[in-house]
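Asks: this is the structure alone, sequence omitted:
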């Protein structure tokens with residue numbers, strides 16, 4: 001004897017997910033905005049509707065970029081910036097406040113990477129990395145933190161590197177500076193009472209001008225091989241835009257972005 005069973009059909013409603021919104025327009029200041037990750041971040045955040053102040057030493061490039069972004073419907077202004085000069089950084093941050101009424105986000109992106117073995121004793125290059133990569137970030141925090149708190153809060157996006165998690169030959173000092181940026185970012189996060197968000201973005205191999213700073217011939221040759229597989233700078237800009245777009249109660253603390261085909 002065969003028993004037949006009737007099952008009731010169930011209809012499941014499909015859910016449509018909309019692309020993430022960039023959120024409300026924010027005032028964003030970007031250091032090192034004349035090329036590479038800084039330039040790509042400016043392009044992405046301008047497309048998302050944020051108002052930008054771009055900073056770097058090469059103001060000719062900044063002027064061209066700002067004009068291009070404005071012509072495309074964005075809002076971007078620029079100012080000369082040397083992150084190793086604390087007074088210059090304060091002026092940059094105050095310019096953002098004066099021009100736009102507040103500062104919501106500071107992207108501490110400026111950096112240099114003149115790699116060399118320690119026994120080459122290139123102390124001037126060590127000092128340059130410490131001045132730009134570490135003091136530059138500290139100058140940004142010192143200038144922006146009071147301004148952000150005056151307006152109810154803000155967001156620091158500090159650009160580190162996979163070198164903040166590992167050390168490789170010729171990169172001891174560079175990695176030390178990025179370890180420092182990671183430590184500073186975590187300390188700032190822990191000291192925040194909820195009004196300040198902190199995001200550390202650590203790129204793997206990315207297309208940029210960083211390798212142009214390498215003067216040691218062996219390190220320069222090794223970097224050409226290392227950078228055979230590299231991300232476009234826009235990939236890092238997308239990660240930054242994601243963190244910036246989150247609502248105030250969400251703090252994206254660390255993002256590591258590597259090429260899928262890279263072991264480093």
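Replies: Arrived safely. Bear in mind the structure is a predicted one, so any value in this text is a computation, not a measurement. Numbers count the residues shown, from 1 in each chain.
Asks: if I look at the nearest residue to residue 145 once chain neighbours are set aside, how far off is residue 239?
Replies: Among residues not flanking residue 145 along the chain, residue 196 sits closest, at 7.1 Å (C-beta to C-beta, 6 or more residues apart in numbering). (C-beta placed from N, C-alpha, C; glycine too.) Here residue 196 is placed at a distance of 20 Å from residue 239 (C-beta to C-beta, to the nearest Å).
Asks: wait, what's in contact with residue 76?
Replies: Residue 76 is in contact with 42, 46, 51, 52, 53, 54, 65, 66, 69, 70, counting by C-beta atoms under 8 Å, 6 or more residues apart in numbering.
Asks: which strands and helices lie in contact with the lengthiest strand in the chain?
Replies: Longest strand in the chain by number of residues (criterion: DSSP state E): strand 196-203. The helices and strands touching strand 196-203, judged by 3 or more C-beta pairs under 8 Å, 6 or more residues apart in numbering; DSSP states H and E, are helix 136-150, strand 154-159, helix 172-191, helix 233-245, strand 254-257.
Asks: return the most buried member of these.
Replies: Comparing the helices and strands packed on strand 196-203 on average neighbours per residue, with mean count of other C-beta atoms under 10 Å, the densest one is strand 154-159 at a mean of 24.
Asks: average pLDDT for that one, rounded please.
Replies: Averaged across strand 154-159, pLDDT comes to 98.
Asks: cool, stretch 63-76 as well?
Replies: Here the average pLDDT along stretch 63-76 is 98.
Asks: what's the pLDDT at the closest residue to residue 84 other than its chain neighbours?
Replies: Setting aside the residues directly before and after it, residue 84 is nearest to residue 131 in space (C-beta to C-beta, 6+ apart), at 4.4 Å. Residue 131 is assigned 98 on the pLDDT scale.
Asks: hmm, residue 131 is touching residue 85, no?
Replies: No - between residue 131 and residue 85 there is no contact under C-beta atoms under 8 Å: 9.6 Å.
Asks: what's the overlap in contacts for those two?
Replies: Counting by C-beta under 8 Å, 6+ apart, residue 131 and residue 85 have no common neighbour.
Asks: from residue 136, how far off is the spatially closest residue to residue 142 that is not a sequence neighbour?
Replies: What sits nearest to residue 142 in space, not counting adjacent residues and going by C-beta to C-beta, 6+ apart, is residue 86, at 6.9 Å. Distance, residue 86 to residue 136, using C-beta to C-beta: 10 Å.
Asks: for residue 54, same thing?
Replies: Counting by C-beta to C-beta, the gap from residue 54 to residue 136 is 15 Å.
Asks: and if you look at residue 104?
Replies: Counting by C-beta to C-beta, the gap from residue 104 to residue 136 is 20 Å.
Asks: any low-confidence regions in the stretch 51-200 of the chain?
Replies: Across the stretch 51-200 of the chain, nothing is flagged by pLDDT under 70.
Asks: which one, of the helices and strands packed on strand 196-203, ends up nearest to residue 118?
Replies: Among the helices and strands packed on strand 196-203, helix 172-191 comes nearest to residue 118, with 5.7 Å by C-beta to C-beta.
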